[in-house]
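**Q** Below are the sequence and a predicted model; questions follow.
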Amino acid sequence: MVNSLVERFGRTGFAALSSVIWFFPMAAWAGSFDLSPMDKTVFPWIALAIGIVMLGIWIVVIARLGRVQVSTRQRRFDLGQMSTSEKRWTLVCAAFITGLIAWLNAAATVDWGPLGTAIGAGKAGPIALTVALAAYVVVMVVGIVFSARRANRAYATRLSLSSSRPASAASMR
């Protein structure tokens, strides 16, 4: 199974995809830790323990990744094959995605009742905050779409350049 995933996504893509096994338990720990003082039914240490165990498993999987044999072909998320432009736009896209996730995480942990009341009362500060928060989301979504398109264009350029090379030059790389 690991070999087929590495063959499909490349080593870098597989490493990023497999990081989900420890990322989600750690995110659950962080979220439950915030709620633990208020809600005594939440046990954050269980999620932390699961996350740490999964992190250990992930490190072992990643350490063995270098020994997996892969065929020589172009892969979307192989850092060794990516052009500088493709790396740059993929990183920019990841930054915008991270910004949107941060906004969603913050929005999920805030009591919006007082803000709604203040907006209903016509206070300028809360209205300005709401406009700024909405603008932030719009900028993140537009940034994701724009940078993903540029990254895809850079990938398409890399594919077209590699297919136009003679077979002997492509195998030497």
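**A** Sure, I can see it. Numbering: from 1, shown residues only.

**Q** Now stretch 82-99: buried residues?
**A** Across stretch 82-99, burial judged by 16 or more other Cβ atoms under 10 Å covers Met82, Glu86, Trp89, Thr90, Val92, Cys93, Phe96, Ile97, Gly99. Using the backbone N, CA and C atoms, a C-beta is placed for each residue, glycine as well.

**Q** Next one: the first one from Arg76, what distance?
**A** By that I understand Met82. 9 Å (Cβ to Cβ, to the nearest Å).

**Q** okay, and the common contacts of the two?
**A** Contact criterion Cβ atoms under 8 Å, 6 or more residues apart in numbering; residues shared by Met82 and Arg76: Tyr155.

**Q** Tally up the residues packed near Val20, please.
**A** 11 (other Cβ atoms under 10 Å).

**Q** in the chain, which spans are helices?
**A** Secondary structure of the chain (DSSP state H): helices located at 2-18, 20-35, 44-65, 84-108, 113-120, 124-164, 167-172.

**Q** So for Thr72, which of those helices sits nearest?
**A** Nearest to Thr72 among these is helix 167-172 (6.9 Å), distances taken as Cβ to Cβ.

**Q** mean confidence for that closest one?
**A** Across helix 167-172, pLDDT averages out at 46.

**Q** could we number from 55 for the rest of this?
**A** Sure, I'll start counting at 55 from here, so that last one is helix 221-226.

**Q** Redo the buried residues of stretch 136-153 as JSON lines? Include pLDDT and distance to Val195.
**A** Formatted as JSON lines, the buried residues of stretch 136-153 follow (pLDDT from 0 to 100; distance: Cβ to Cβ, whole Å):
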{"residue": "Met136", "pLDDT": "83", "distance to Val195": "24"}
{"residue": "Glu140", "pLDDT": "91", "distance to Val195": "22"}
{"residue": "Trp143", "pLDDT": "94", "distance to Val195": "16"}
{"residue": "Thr144", "pLDDT": "91", "distance to Val195": "17"}
{"residue": "Val146", "pLDDT": "95", "distance to Val195": "14"}
{"residue": "Cys147", "pLDDT": "93", "distance to Val195": "12"}
{"residue": "Phe150", "pLDDT": "96", "distance to Val195": "8"}
{"residue": "Ile151", "pLDDT": "92", "distance to Val195": "10"}
{"residue": "Gly153", "pLDDT": "93", "distance to Val195": "10"}
